[in-house]
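J.: got a predicted structure here, sequence first:
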Amino acid sequence: MADALKDKIADVFDEPACGTNVSKSEQQRKKGCAKPLTPGAAAGGCAFDGAKIVLQPIVDVAHLVHAPLACEGNGWDNRGAASSGSERYRTGFTTDMSELDIVMGHGERKLFRAIREVIEAEAPPAVFVYATCVPALIGDDIDAVCRAATEKFGTPCIPVNAPGFVGSKNLGNKLAGEAMLDHVIGTLEPETLTPYDINIVGDYNLSGELWQVKPLLDKLGIRILGSLAADARYKQVAYMHRAKVTMMVCSKALINVARKLEQRHGVPWFEGSFYGISDTSASLREMCRILVEQGADAQLLDRCEALIAEEEAAIWARLEGFRARVEGRRVLLYTGGHKSWSVVAALQELGMEVIGTSVRKATEEDKTRVTEIMGDDKHMFDNMAPKDMYRLLKDAGADVLMSGGRSQFVALKARMPWVDVNQEKHEPYAGYMGMVDLLRAIDRAVNNPMWEELRAPAPWETPLTETRTLPPLSGECPVTGIAGTGRAVSLVPPLPPSGAALAAPVEVAGFTSSATDFEDC
C-alpha cells in the first residue's frame, strides 16, 4: 500500500466529528472503525464497493474502473440511484486488465489510453478513475496518470484511491469523500448565489426518493446547490463550498466531508432523515433554522411551519384509510445505517410494533437513537444468521419482515410477507408522500389473502370426518378403454391408515388393475 494512501486512511480513522472515535484511546483510534480486509475476504462489501456507492450517482461523470473485468461487474449499478438527466453513470467503463498487463507492467499505459478513449467517445465533464486491489498491489500510480491525462486532454481526471483490501465499505465511503475534497470541491464557482443554498450529502435518490423531497424545498425557496450524490452533477460537487448549510442524510458515512466543509469553508452541517413524517418535519425545521442563522430571511421559519402543518394534515388524512389495516402489526426490521432508527420511527407513527431492528453498519449515535425510540436496547442486534432470523420471526409472532433482498427467502420459508426497504427497492419511501407508498406496500403484503391459504393445512393434512361421495365415472378410461361403471363411490371414514396393506388386485372384464400408478412403473 502506498504511503500516501496509508496517511489518508489514518486521517480518516482519526475523525474528530465522530463522538465514538473521540471517546477512544489513541491506540484504539489508530485501528479505525473496522479491521482491514484481506484480498478475497471482502464479505459485506469492500472499500472499492463503498467508494463506488458514494460516487456513481454523480450522473454525468464517466466512472472508469482500473481493474480486471470482475471489479466493474461487481460495482456497476450497485444501487438503484435514479437520474433526472444524463444516463452516463449507468455505462460501465473499465480497463479490463489481463494477466499480460499485470506481468508486463502495462497497467498505467492501458489506463491512459482508456481515459483518452472515454473522453473522445463521451466528452464527460470529468472522469473518475477508481483504483482496485490488483493495480494497488502491483504499484500502478493512478494519481500520476490522472495528472498527465488532465494536462493532455483538459478534462479533470479524478483519482479515487480505495482498493478493496484496505478496509470495509464504510471506509470506502469516506475515501471517496476525501477524493472529492482533494480534487473536486471548490474547483468551480457558481454563477449565482442565494441565502437559501444547501448541500445534500449521503442521499442516493433510490427509486427517486429525492424527488419526493425536492418539491418541499422548492415551496420554501430552498435550492440544492451542492450534492454528493443524489442525482448530482459534477458541477454540484464542485460548488459545495458555497452552500449555506449541509444536510447529512446517510448516518456518519460521509461525516468527514461535512466536517471539512465546515472547517475549510465555514459551511455548518446537521444530520437528518427524510424517512417518516416527524423526521421529515424535524429536518425541514433544522435546515431552515440554520439558514436563518446564516443570513436568510427570518420569515423562512414561518413559511416552514406553515408548510409542515399543511403537509402533515394532508398526509394524515391520506393515511387514515390504510392505518386500520396495518395498526398493531408486528414488524422485524433487518436493515442498517440510519434506516435502523429512522424507519423504526416511521413504523411506530403508523401504529405498528417493531419487535426488533438490526444495527448493521450503524454508528454508536444510530444505536443511541434506536434505544431512545424503542425504550431499551433489548431488541437491537448486529448480524443474524438465517436460522436465528427464522426462529425470531416464529417465536415473536411477527406479521412481516422488512429487509433487503437477501433475507426475503427466510420470510418465505416462515410463510410470512416481506417488504423491501434496502437499496434494491423499487418504490420511494422518503418524505411525506413516501409514507403513503410505504404503508401501501405493507398493506399489500400483510393483507394479501394468499398468506391465509398458505398457512392453512393442506387438504391431505386434514383427516376425513364425514362421508363423501365421488361422482360416477363417465366415458371410458383413456388407458385401458374400460367403460365406467356408472355408480357413485362413497368414501366412509375412517380411511385406512397410511402405510396399510393395499387390497389385492381386482379382476375387471379381463383386465388386472395394479397397486401402483402407471407413471410409477
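T.: The structure has been received and is ready for your questions.
J.: run through the stretch 351-500 of the chain and note the low-pLDDT ranges.
T.: Within the stretch 351-500 of the chain, the ranges that satisfy pLDDT under 70 run 359-380, 382-383, 464-468, 484-486, 489-500.
J.: which residues of it fall in strands?
T.: In the stretch 351-500 of the chain, the strands defined using DSSP state E, counting those that start in this stretch lie at 353-358, 380-381, 400-403, 418-420, 468-470, 489-491.
J.: single out the most deeply packed of these.
T.: Sort the strands of the stretch 351-500 of the chain by mean neighbour count, taking mean count of other C-beta atoms under 10 Å, and strand 400-403 sits at the top with a mean of 25. To be clear about C-beta, it is placed using only N, CA and C from the backbone, and glycine gets the same treatment.
J.: how about it as CSV, C-alpha atoms only?
T.: C-alpha atoms of strand 400-403 as CSV (Å, rounded to 0.1, in the frame of the first residue of the first chain):
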residue,chain,number,x,y,z
VAL,A,400,-44.0,-9.0,8.3
LEU,A,401,-40.2,-8.9,7.6
MET,A,402,-38.8,-5.6,6.3
SER,A,403,-35.3,-6.1,5.0
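J.: all strands of the stretch 1-150 of the chain, in order?
T.: Using DSSP E, counting those that start in this stretch, strands in the stretch 1-150 of the chain cover 62-66, 93-94, 127-131.
J.: in CSV, list those strands along with mean neighbour count.
T.: Output for the strands of the stretch 1-150 of the chain, formatted as CSV (neighbours: other C-beta atoms under 10 Å):
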stretch, mean neighbour count
strand 62-66, 26
strand 93-94, 22
strand 127-131, 28
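J.: include distance to residue 408 and mean pLDDT when you put those into a markdown table, please.
T.: Formatted as a markdown table, the strands of the stretch 1-150 of the chain follow (distance: least, C-beta to C-beta, whole Å; pLDDT from 0 to 100):
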| stretch | distance to residue 408 | mean pLDDT |
| --- | --- | --- |
| strand 62-66 | 29 | 95 |
| strand 93-94 | 30 | 93 |
| strand 127-131 | 30 | 96 |
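J.: residues in contact with residue 260?
T.: Counting by C-beta atoms under 8 Å, 6 or more residues apart in numbering, residue 260 touches residue 181.
J.: how close does it get to residue 73?
T.: Noted for residue 260: a distance of 33 Å to residue 73, by C-beta to C-beta, to the nearest Å.
J.: before we move on, the earlier item: okay if I get the strands of the stretch 1-150 of the chain as TSV plus distance to residue 208?
T.: Formatted as TSV, the strands of the stretch 1-150 of the chain follow (distance: least, C-beta to C-beta, whole Å):
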stretch	distance to residue 208
strand 62-66	21
strand 93-94	25
strand 127-131	23
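J.: quick one: closest of those to residue 487.
T.: With respect to residue 487, and counting by C-beta to C-beta, the nearest of those is strand 93-94 at 74.4 Å.
J.: could you dump the strands of the stretch 351-500 of the chain into TSV with distance to residue 106 added?
T.: Below are the strands of the stretch 351-500 of the chain laid out as TSV (distance: least, C-beta to C-beta, whole Å):
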stretch	distance to residue 106
strand 353-358	45
strand 380-381	48
strand 400-403	44
strand 418-420	43
strand 468-470	78
strand 489-491	79
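J.: residue 234 is nearest to which of the ones you listed?
T.: Of all the strands of the stretch 351-500 of the chain, strand 418-420 sits nearest to residue 234, with 30.8 Å by C-beta to C-beta.
J.: which residues touch the closest one?
T.: Residues from elsewhere that reach strand 418-420 (C-beta under 8 Å, 6+ apart): 400-405, 407-408, 411-412, 426, 441-442, 445.
J.: out of these, which two sit at the greatest distance?
T.: 412 and 426 (18.2 Å).
J.: of those two, who's got more company?
T.: Comparing residue 412 with residue 426 by neighbour count (other C-beta atoms under 10 Å), the higher total belongs to residue 412, at 13 against 9.
J.: ok, the more buried one - contacts?
T.: residue 418.
J.: any idea how far residue 273 is from it?
T.: 30 Å.
J.: which phi and psi values does the residue nearest the centre of the chain adopt?
T.: Centroid-nearest residue in the chain: residue 423, 2.3 Å away (criterion: C-alpha atoms, centre = their mean). Main-chain torsions, residue 423, degrees, to the nearest 10: phi -70, psi -10.
J.: thought it was touching residue 204?
T.: Yes. Residue 423 is within contact range of residue 204, at 7.2 Å (criterion: C-beta atoms under 8 Å).
J.: separation between residue 70 and residue 96?
T.: According to C-beta to C-beta, residue 70 stands 10 Å off from residue 96.
J.: residue 438 too?
T.: For residue 438 relative to residue 96 (C-beta to C-beta), the value is 41 Å.
J.: show me which of those two is the more surrounded one.
T.: It is residue 438, of residue 438 and residue 96, that has more neighbours when counted by other C-beta under 10 Å, with 27 against 16.
J.: what residues are up against the more buried one?
T.: Listed by C-beta under 8 Å, 6+ apart, the contact partners of residue 438 are 346, 427, 429.
J.: in helices, which of these appear?
T.: Judged by DSSP state H, the contacts of residue 438 include residue 346 as members of helices.
J.: ok, of the contacts of residue 438, which one's closest to residue 117?
T.: Within the contacts of residue 438, the smallest distance to residue 117 is 37.9 Å, found for residue 427 (C-beta to C-beta).
J.: which residue packs closest to the closest one, ignoring adjacent ones?
T.: Once flanking residues are discounted, residue 427 sits nearest to residue 437: 5.0 Å by C-beta to C-beta, 6 or more residues apart in numbering.
J.: check residue 86 too.
T.: Counting by C-beta to C-beta, 6+ apart, residue 86 lies nearest to residue 60, which is 4.2 Å off, once chain neighbours are set aside.
J.: show me the contacts for the one you found.
T.: For residue 60, counting by C-beta under 8 Å, 6+ apart, the contacting residues are 85-86, 88-89, 124-125, 233-234.
J.: of those residues - the most surrounded one?
T.: Neighbour max across those (other C-beta under 10 Å) = residue 89, 24 neighbours.
J.: ok, it - contacts?
T.: Applying C-beta under 8 Å, 6+ apart to residue 89 gives the contacts 56-61, 63, 81, 83.
J.: nearest to residue 212, out of the strands of the stretch 351-500 of the chain?
T.: Closest of these to residue 212 is strand 418-420, at 17.1 Å (criterion: C-beta to C-beta).
J.: what is the burial count for residue 261?
T.: The burial count for residue 261: 25, using other C-beta under 10 Å.
J.: where does it fall, secondary structure wise?
T.: Here residue 261 sits within helix 255-265, counting by DSSP states H and E.
J.: the following helix or strand past that helix packs against which elements?
T.: Once the chain leaves helix 255-265, the next helix or strand it forms, by DSSP H and E, is strand 269-271. In this structure, strand 269-271 makes packing contacts with strand 245-248, helix 255-265, helix 277-293, judged by 3 or more C-beta pairs under 8 Å, 6 or more residues apart in numbering; DSSP states H and E.
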